[in-house]
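# sequence below, structure please.
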Amino acid sequence: MSSLYLGLISGTSADGIDAALVRFDNDDPHSHCELVRGRTCAWDEVLRARLVELGQGGDAKSLDEFGTLDVRVAEAFADAALSLLREADVAPSQVRALGSHGQTVRHRPHGAAFDERFPFTLQIGDGNVIAERTGITTVADFRRRDVAAGGHGAPLLPALHAALLSSNDEDRAVLNLGGIANLTLLPAQGEVRGFDTGPANALMDAWCERHTGNAFDANGDFAASGSVDDALLARLLDDAWFASPPPKSTGREQFHLVWVESKLKGYEAPSDVQATLLELSAATVADALRAAQPDTKRLLACGGGVHNPRLLARIAGRLPGVVVESTSAHGVDPDFVEAMGFAWLARQALLGRPGNLPSVSGARGARVLGAVHPA
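Numbering: from 1, shown residues only. Okay, here's the model as predicted:
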C-alpha cells in the first residue's frame, strides 16, 4: 500500500487552501511522517468574500446557493490537490487517501441561540465531488462525529502535535495562529490537552483589509504604526467567552468586526485599533497558557501568524521565561502543520483508528472521524 497521503484545509481566515503531501513510514500508529511538498492555492476572490460573510454569521440566500457553494468549495479543493500533485510529479493513483477539512461556515458546539439542544458544526466542500475530480479516496467531514459524541469537534490536531513535537524533558505547548488561535498542551508527563484561546489573525486581517485594502497586516506594520488602547483592550477582554473553561472552541461567528465595533467608542484611530487587536491575540494566548500549563518551557508556533514578528514578540513579552519559536526550529514547516494533520486524520480513518482526543474536545470517548468516499 502507498504511504502517501494528502491533506487539505482552508482555515477560519479563508486566506487560501493549504495542500500537503505527506509520507508515512508504515501503518504503525507511531510511524514518522514527512512533508513531501506543500502548496497554498488562492481562492477566487468573490467566492472567498462570500465564504467569509457566511462564516461571520451571515445566512445563505437559499438552499440552492448553499448547495452550489458546497460544490464550488469541493471543486476548489480538488484543483488544489491536483496542482500539488503536478508540482510533486506524483500521480493520483500513488496517493492512498486524501483528507479534506472543507470550509467552516458555522460552528455551534453549544447549539444555536434559539435552540441550544442541538449542537452542530458545518464544513462545506462535498467529499463526493473531490473523490470524483481527483480519483483519490477522500475522507471529509471530520468534525461532526466528535460533536455528535458531545465534543466541540475542535481542535483536532493535538494528537499529531504530540507525535511530532512533544518532549520527555520539558513541558511544551504548540500554538496554532490561524484565524483563531489554539493551544496544544504537551506536558513531559501527563495527558495531552488543547483548546481555542480566541482570535489570532481573523480580526486583525478583517480590520486591516477594511482600513488599508490589504488582506493582512504584513509584518505587523499597521499595528506597529499605532498604540495599544488599554481601555479598549479591557472591554475586549471582558467578553465572557475568554473566562470560560476548556474544552472550548470558537470561530468567526463569535469574533468578527461587528463584535469589535460594539466595543468601540467611535473616536479610535484605525491604527490604534489594529495595535489593540494584536495585543488582544497576544494577551489571550499568554493568559490561557499560564492558567492551563504554568510550567511551560517552550511554545512552538505554527500557522499564518508565525510570519507576524510583532505578534510573536508580544506573545513572548507576555511569557517571560518561555522560549517562543517557530515549529520550523524542530523540522516542521509552520505553514503546513494543519494540512499535514488532515492527511494524518485520513490515514487514521482508513486504518479504523480514532482521530479525536476526548481530553481535548470533551467528547464522550475516542471516535473514528470522517466520512470515506472511495475513489
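# all strands for the stretch 201-350 of the chain, in order.
All strands of the stretch 201-350 of the chain, identified by DSSP state E, counting those that start in this stretch, fall at 298-302, 323-326.
# what's the burial count for K265?
For K265, the neighbour count with other Cβ atoms under 10 Å is 9. C-beta here means a position set from N, CA and C on the backbone, and glycine is covered the same way.
# TSV for the strands of the stretch 201-350 of the chain, including distance to A375, mean pLDDT and mean neighbour count?
Shown next, in TSV, are the strands of the stretch 201-350 of the chain (distance: least, Cβ to Cβ, whole Å; pLDDT from 0 to 100; neighbours: other Cβ atoms under 10 Å):
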stretch	distance to A375	mean pLDDT	mean neighbour count
strand 298-302	30	98	24
strand 323-326	36	98	16
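# check what pLDDT M1 gets.
M1 is assigned a pLDDT of 54 by the prediction.
# oh, I was asking about L160
Value for L160, per-residue pLDDT: 89.
# with V258 instead?
pLDDT, V258: 94.
# just the one 10 residues further on next, same as before
pLDDT, E268: 97.
# wait, it sits on A231?
No: taking contacts as Cβ atoms under 8 Å, E268 lies outside contact range of A231: 9.6 Å.
# which of these two has more residues huddled nearby?
Applying other Cβ under 10 Å to E268 and A231 shows that E268 carries more neighbours, namely 16 against 12.
# can you pull the contacts of that one?
D229, L232 (Cβ atoms under 8 Å, 6 or more residues apart in numbering).
# just K263 next, same as before
Counting by Cβ under 8 Å, 6+ apart, K263 has contacts L232, R235, L236.
# same check, this time on G355
Contacts for G355 (Cβ under 8 Å, 6+ apart) come out as F142, L156, A159, L345, Q348, A349, R367, V368, L369, G370.
# cool, and A97?
Going by Cβ under 8 Å, 6+ apart, the list of residues near A97 reads Y5, L6, I136, T137, T138, V139, A346, R347, A349, L350, V372.
# A131 too?
L98, T137, T138, H373, P374, A375.
# surely the last one meets G135?
Yes: judged on Cβ under 8 Å, A375 makes contact with G135 at a distance of 5.4 Å.
# for the closest residue to A329 other than its chain neighbours, give the beta-bridge partners.
Excluding the flanking residues, the one nearest A329 by Cβ to Cβ, 6 or more residues apart in numbering is L300, at 7.6 Å. Residues in a beta bridge with L300, per DSSP bridges, are V174, E325.
# still on that earlier bit, make a markdown table out of the contacts of A97 and add distance to A202.
Below are the contacts of A97 laid out as a markdown table (distance: Cβ to Cβ, whole Å):
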| residue | distance to A202 |
| --- | --- |
| Y5 | 28 |
| L6 | 26 |
| I136 | 30 |
| T137 | 32 |
| T138 | 27 |
| V139 | 26 |
| A346 | 26 |
| R347 | 29 |
| A349 | 28 |
| L350 | 32 |
| V372 | 31 |
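# in helices, which of these appear?
Among the contacts of A97, the members falling in helices (DSSP state H) are A346, R347, A349, L350.
# please report how far the first one lies from H101.
Relative to H101, A346 is positioned 10 Å away (criterion: Cβ to Cβ, to the nearest Å).
# same question for S13.
13 Å.
# before we move on, the earlier item: dump the strands of the stretch 201-350 of the chain to CSV, plus distance to P119.
Conversion of the strands of the stretch 201-350 of the chain to CSV gives the following (distance: least, Cβ to Cβ, whole Å):
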stretch, distance to P119
strand 298-302, 28
strand 323-326, 34
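# wait, which of these is closest to W207?
Nearest to W207 among those is strand 298-302; the distance by Cβ to Cβ comes to 21.4 Å.
# keeping just the C-alphas, turn the closest one into PDB.
Written as PDB, here are the backbone C-alpha positions of strand 298-302 (Å, rounded to 0.1, in the frame of the first residue of the first chain):
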ATOM      1  CA  ARG A 298       8.800  26.100  25.200                       C
ATOM      2  CA  LEU A 299       6.000  27.400  22.900                       C
ATOM      3  CA  LEU A 300       6.100  26.300  19.300                       C
ATOM      4  CA  ALA A 301       4.200  28.400  16.900                       C
ATOM      5  CA  CYS A 302       2.700  27.500  13.500                       C
END
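# now for it, which elements pack on it?
strand 172-177, helix 309-317, strand 323-326 (3 or more Cβ pairs under 8 Å, 6 or more residues apart in numbering; DSSP states H and E).
# and the first one, how far out from the chain middle?
Here strand 172-177 is found 11 Å from its chain centre; the criterion is Cα atoms, centre = their mean, to the nearest Å.
# against L183, how distant is D196?
Distance, D196 to L183, using Cβ to Cβ: 8 Å.
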